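Visitor: Sequence and predicted structure below; questions after.
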Amino acid sequence: MSEEAMATSNEAELLETSEGHELGFIRKYVFSTDHKVIGIQYWFTAGVMGLVGALLAGLIRMQLTWPTTPFPFLEKIFPVAYAGGFMSPEFYTSLVTMHGTIMIFFFVSLGLVAGFGNYLIPLMVGARDMAFPALNMLSYWTVVPAILIAGASFFVEGGAAASGWTAYPPLSAVPSASPGSGTGQTLWLISVALFIVSFTMGGLNYVTTIFNLRAKGMSLMRMPLTIWSLLIASIIGLLAFPPLTAAAILLLLDRHFGTSFYLPEGLYIAGELIPNGGGSPLLWQHLFWFLGHPEVYVLILPALGITFEVLVPFARRPAFGYRTTVWCLVAIAGLSMVVWGHHMFTSGMNPLVGEFFSIGTLLITIPSTVIGVNMIATLWGGKLRLTTAAMFAIGTICFFGVGGFGGLFLGNAAADIQLHDTAFVVGHFHFMIGGVTFLGLLAGSYYWFPKMFGRVLNETLGKLHFWLTVVPFYGVFGTMHFYGLAGAPRRYYNLTQYGYLDSVNGWMPLVTTSFAAAMVVGQCFFLLNLTKTFLGKRNADNNPWEATTLEWAAASPPPHGNWGPEAPVVHRGPYEYGNSDADEDYVHQCVPPERVIALS
Amino acid sequence: MQDIYKPLWRTWAILLSLTAVMVLVDVMELPRQLMVLVLLGAMAAKVFLIGFEFMDLKREKWIVGVVVTFSILFFGAFLFAFIVPDGFAVLAGGR
Amino acid sequence: MSSHSAEALTSDATFLGMSWRKTMMWVFIITDGLLFAGFLASYGFARAAAPEWPDAHEVFHLWFISLMTFVLISSSATMATAVAAAKRGDHATVKKMILATIVGGTVFLGMQAVEWNALFAQSVTLSSNPWGVAAFGNYFFTITGFHGTHVLSGVIILAVVWLKARSGRANAEGVEMAGLYWHFVDLVWVFVFTLFYLI
């Protein structure tokens, strides 16, 4: 069958189902191949995992704030981990590991890249579905077991993996190294492997869809910035994950088949000399961070793209420097692939190599700053409409700035050797990979909620949510910067025993935890808002924000096959606002040029 | 063999001769650095031939060749360039 | 069915100038290539870090490995011929050449089994070997094993394509995609052959 015929039959099926042949509940909402349903499935899954990750963070905060106070009620829930009312150190390291893993892989990745990616790519490029809908469904149903396995690892003997989300050997390579290094670590590896498989399937789909399934007239330089950022993010993800897969395979062999890829000679574990030798844990660090650093950008770039997407319709101005932004995204992506060594300055790296990685890292600040300035310049002189979505987008700019400043210290080898593995690092990366992505996710959620569910979220509750997210966020992670400068190391379960921290231990952890509690209250307003809106009636028309990109030409929510019988044709760039020729201040991408002239 | 298949089998012959050269260089007692250089050169030539002749990169748009070469070879080379020196450092006892 | 709706799916806007399935195949090859790049870079690291390394001339029978290389390169040539034949609709040649490729791949796998057995007989295993250089066995069996599984999956894919071709259901693009994968497997062998057996 020729490709044309193939596409047409696919098309026919899509049209048929959109014209009344109703699918059963299971085909429609559970094992669906519709990109919109899959996107929403990812979005909800990410939300649930975000709550789980936050719960783990809560336990971490309680331990760091009151390390010497017993919690008898927690002993009732976790009899082993809280024996005697005190958290065991092993449980603490498991918590840190799983909090990181869940938040990075199963909250931010799923919400931003998988959730919005699946939902938006076909809608914004004018396709009816992804290039490979079945592969898309498979990708979601590969992540579900990954999540279940990660969750199950808490209940196996020895508890969940405890070697950090970075899984450094030998802690992760020798099953007897710590309680969490046993079954828990194996399950962790399986879970991450499944995630990589799922991400690869999703990435293949994204790249192919964006390259080959764009609507007529949708040239690359007419694509919305969200699509650009998702395209670039999936490309760097596809390039960076395979070496980690290789590394994970080597680690599994080390754990179960007696090899010594990461194990040096003369290593004593639990008082016994292990028989392996000839490898080096340094190899894992290299391969891990070859993924680990680009992964940060896999998550941040879509957040930046979404920020632009949300800012523009509420500033009623075109995105400032569209082309520059695209090329800066490409530059950031390229540079991000070659600076992984800045996570390894304290590994005893050759200073010359360290200098190279320092310079590369500092070079990233240039395109990043250009993007930040473009965002602010988009707002300049605009007729601002301060909706909740717009406020979250502005919050993203702020976090991007603060996180970037912290990055200047950490990217510099000389300063990093002092700050490495302190709470300063924790504060920094929570602003970037935690804050920018979280606010980007929320901005996108408020912005596209009408499209996804046909209902507009409540603005009053939304604004409460905004203020109770952003202000406490500064309180939590800003304080952590100073705690780190005072010398507090990360991943330690009890810091009261270090005399030099006495002057700050009394209040800094307490301040952090109080702000964290306020943030929890803020998220309750979001949950309340969601419940209230879902219970309410449909109140969104097709284009509630008067925006110009393609998805707003579809119904809210769009039907199966997205467009009805007539597929859209694109006539202009994505952000045409402030056009005085038209009778409105914006011209949608689908409006043909004749009509614009006729209107004027 | 028909005409359109001929270039393919010419490529096959070149690939085999390159392999023969590599084996020969390996058996001869050349200085090690020279041998490694010749081997890597022949390897690169083989990779190029397979990519452009067999995998039809010469018939695709040029951008495909650029994308493939850049993503595999550039980042692969980069991995090598920054991981292998640390191996030497481990040998020297730096860590 | 209306013609304008088909346009949306097969738009003129293909950046790479190839069909979506071929695009996906190429992207997959890139990711798979970087997987091997990760393995081979690790191997380079281990070689650099090892104080000594077994002499390839003593461990391997070079003529036998050269024969394996000959088989694999020839199978790549037959595959390329099959792809060219499929493009011009020469179905008889397609069937013949795919079969030849399958035979080549199977022979290669058999020879690899013979080679591994010979090494096991010298008590060279994944985790240990007589020279006391654990990394040698670690990397050798991991990387050639991984390449071998790729050959195996290639043979399975080709068998499917061959069965389709026999019943006249194979299309040129399917043959081409299988071909791309097969050449990629050959390409990886070029690296393994050079970096493991010669250098």
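Guide: Okay, I see it. Residues are numbered from 1 along each chain as shown, chains lettered A, B, ... in the order given.
Visitor: Could you list the low-pLDDT ranges of the chain?
Guide: Assuming you mean chain A. Along chain A, the parts satisfying pLDDT under 70 run over A:1-23, A:579-583, A:597-600.
Visitor: meant chain B, my bad for not saying
Guide: When residues are selected by pLDDT under 70, those of chain B lie in B:1-2, B:94-95.
Visitor: Let me see the ranges of the helices in it.
Guide: Listed from the start of the chain, chain B has helices (DSSP state H) covering B:6-27, B:32-49, B:62-68, B:75-91.
Visitor: And for the stretch 251-400 of chain A?
Guide: With DSSP state H, counting those that start in this stretch as the definition, the stretch 251-400 of chain A shows helices at residue ranges A:281-315, A:322-336, A:351-379, A:388-411.
Visitor: Would the first one count as contacting chain C?
Guide: Yes. Between helix A:281-315 and chain C, judged by Cβ under 8 Å from any Cβ of the partner chain, the touching residues are A:L283, A:H286, A:L287, A:F290. Quick note: C-beta positions are derived from backbone N, CA and C, even for glycine.
Visitor: Against B:L79, how distant is the last one?
Guide: Right, the one you point to is A:F290. With distances defined as Cβ to Cβ, to the nearest Å, the gap from A:F290 to B:L79 amounts to 6 Å.
Visitor: burial of the closest residue to chain C within chain B, as a residue count?
Guide: In chain B, the residue found nearest to chain C is B:G87; the distance is 2.9 Å by Cβ to the nearest Cβ. Burial measure for B:G87: 23 neighbouring residues, criterion other Cβ atoms under 10 Å in any protein chain shown.
Visitor: and it, what does it touch?
Guide: With Cβ atoms under 8 Å, 6 or more residues apart in numbering or on different chains as the criterion, the residues that contact B:G87 are A:S280, C:G44, C:F45, C:A46, C:R47, C:A48, C:A49.
Visitor: Now do the contacts for the nearest residue to it once chain neighbours are set aside.
Guide: Nearest residue to B:G87 in three dimensions, chain neighbours excluded: C:A48, at 2.9 Å (Cβ to Cβ, 6 or more residues apart in numbering or on different chains). Counting by Cβ under 8 Å, 6+ apart, C:A48 touches B:V84, B:P85, B:D86, B:G87, B:F88, B:V90, B:L91.
Visitor: The second one touches A:V353, doesn't it?
Guide: The reference is to B:P85. Yes. Applying Cβ atoms under 8 Å as the test, B:P85 and A:V353 come out as touching, 6.8 Å apart.
Visitor: Which members of the contacts of B:G87 occur in helices, if any?
Guide: Using DSSP H to define helices, the subset of those located there is C:G44, C:F45, C:A46, C:R47, C:A48, C:A49.
Visitor: By neighbour count, which of the residues you listed wins?
Guide: Ranked by neighbour count under the definition other Cβ under 10 Å, those are headed by C:F45 with 28 neighbours.
Visitor: who are the neighbours in contact with A:W563?
Guide: Counting by Cβ under 8 Å, 6+ apart, A:W563 touches A:G126, A:R128, A:A553, A:A554, C:A8.
Visitor: What about these, which one has the most neighbours?
Guide: Going by other Cβ under 10 Å, A:G126 tops those with 28 neighbours.
Visitor: With chain C as the reference, measure out to A:R385.
Guide: Separation of A:R385 from chain C (Cβ to the nearest Cβ, to the nearest Å) stands at 32 Å.
Visitor: and the nearest residue to that residue once chain neighbours are set aside, how many neighbours?
Guide: On the basis of Cβ to Cβ, 6+ apart, the spatially nearest residue to A:R385 that is not a chain neighbour turns out to be A:F314, at 4.5 Å. By the criterion of other Cβ under 10 Å, A:F314 has 24 neighbours.
Visitor: now A:A83
Guide: Neighbours of A:A83 using other Cβ under 10 Å come to 12.
Visitor: correct me, but A:N458 touches A:K532?
Guide: Yes. With contact defined as Cβ under 8 Å, A:N458 reaches A:K532; the gap is 6.1 Å.
Visitor: Between those two, point out the one with more neighbours.
Guide: When A:N458 and A:K532 are compared for neighbours, A:N458 comes out ahead with 18 against 13, by other Cβ under 10 Å.
Visitor: Next up, phi/psi of that one, please.
Guide: According to degrees, to the nearest 10, the main-chain angles of A:N458 amount to phi -70, psi 130.
Visitor: any idea how far the nearest residue to it once chain neighbours are set aside lies from chain C?
Guide: Nearest non-adjacent residue to A:N458, counting by Cβ to Cβ, 6+ apart: A:N529, 5.2 Å away. Spatial separation of A:N529 from chain C under the definition Cβ to the nearest Cβ is 36 Å.
Visitor: before we move on, which element is A:N529 in?
Guide: Secondary-structure assignment from DSSP states H and E places A:N529 in helix A:508-535.
Visitor: Pick the one among the contacts of C:A48 closest to A:Q63.
Guide: Among these, B:D86 lies closest to A:Q63 (Cβ to Cβ), at 35.7 Å.
Visitor: From A:M480, how far out is that closest one?
Guide: 31 Å.
Visitor: B:F52 too?
Guide: 53 Å.
Visitor: These two: which is more packed in?
Guide: The residue with the greater number of neighbours, taking B:F52 and A:M480 and applying other Cβ under 10 Å, is A:M480; the counts read 25 against 15.
Visitor: Only the buried residues of whichever helix or strand the more buried one is part of, if you could.
Guide: Remark: A:M480 resides in helix A:479-485, with elements defined by DSSP H and E. The neighbour-count check on helix A:479-485 (16 or more other Cβ atoms under 10 Å in any protein chain shown) flags A:T479, A:M480, A:H481, A:Y483, A:G484, A:L485 as buried.
Visitor: With stretch A:164-182 instead?
Guide: Within stretch A:164-182, the residues that qualify as buried are A:164-167, A:169-175, A:177-182, counting by 16+ other Cβ under 10 Å.
Visitor: Then stretch A:256-265?
Guide: For stretch A:256-265, a neighbour-count test (16+ other Cβ under 10 Å) marks A:G258, A:T259, A:S260, A:F261, A:Y262, A:L263, A:P264 as buried.
Visitor: Help me confirm that the second one comes into contact with C:F136.
Guide: No. With contact taken as Cβ under 8 Å, A:T259 and C:F136 are classed as non-touching, separated by 10.9 Å.
Visitor: picking up where we left off before, I'd like to know which of the helices of chain B is closest to C:L187.
Guide: Closest of those to C:L187 is helix B:32-49, at 6.1 Å (criterion: Cβ to Cβ).
Visitor: And A:G182, how far from A:T142?
Guide: For A:G182, the distance to A:T142 under the criterion Cβ to Cβ works out to 25 Å.
Visitor: C:T31 too?
Guide: Here the criterion is Cβ to Cβ. By it, C:T31 lies 16 Å from A:T142.
Visitor: likewise A:L135?
Guide: Applying Cβ to Cβ, the value for A:L135 to A:T142 is 10 Å.
Visitor: Compare these two (neighbour count), which wins?
Guide: Per other Cβ under 10 Å, whichever of A:L135 and A:T142 has more neighbours is A:T142, with 19 against 16.
Visitor: Could you count how many residues lie near the closest residue to A:M218 other than its chain neighbours?
Guide: Counting by Cβ to Cβ, 6+ apart, the nearest residue to A:M218 once its immediate chain neighbours are dropped is A:V570, at 4.4 Å. Residues contacting A:V570 under the criterion other Cβ under 10 Å number 25.
Visitor: do the one 5 residues further on as well
Guide: Taking other Cβ under 10 Å as the criterion, the count of residues near A:Y575 is 27.
Visitor: ok, now which ones touch the residue nearest to it when sequence neighbours are not counted?
Guide: Beyond its immediate neighbours in the sequence, the residue positioned closest to A:Y575 (Cβ to Cβ, 6+ apart) is A:P318, lying 4.2 Å away. Residues counted as contacts of A:P318 (Cβ under 8 Å, 6+ apart) are A:V312, A:T378, A:G573, A:Y575, A:E576, A:Y577, A:G578.
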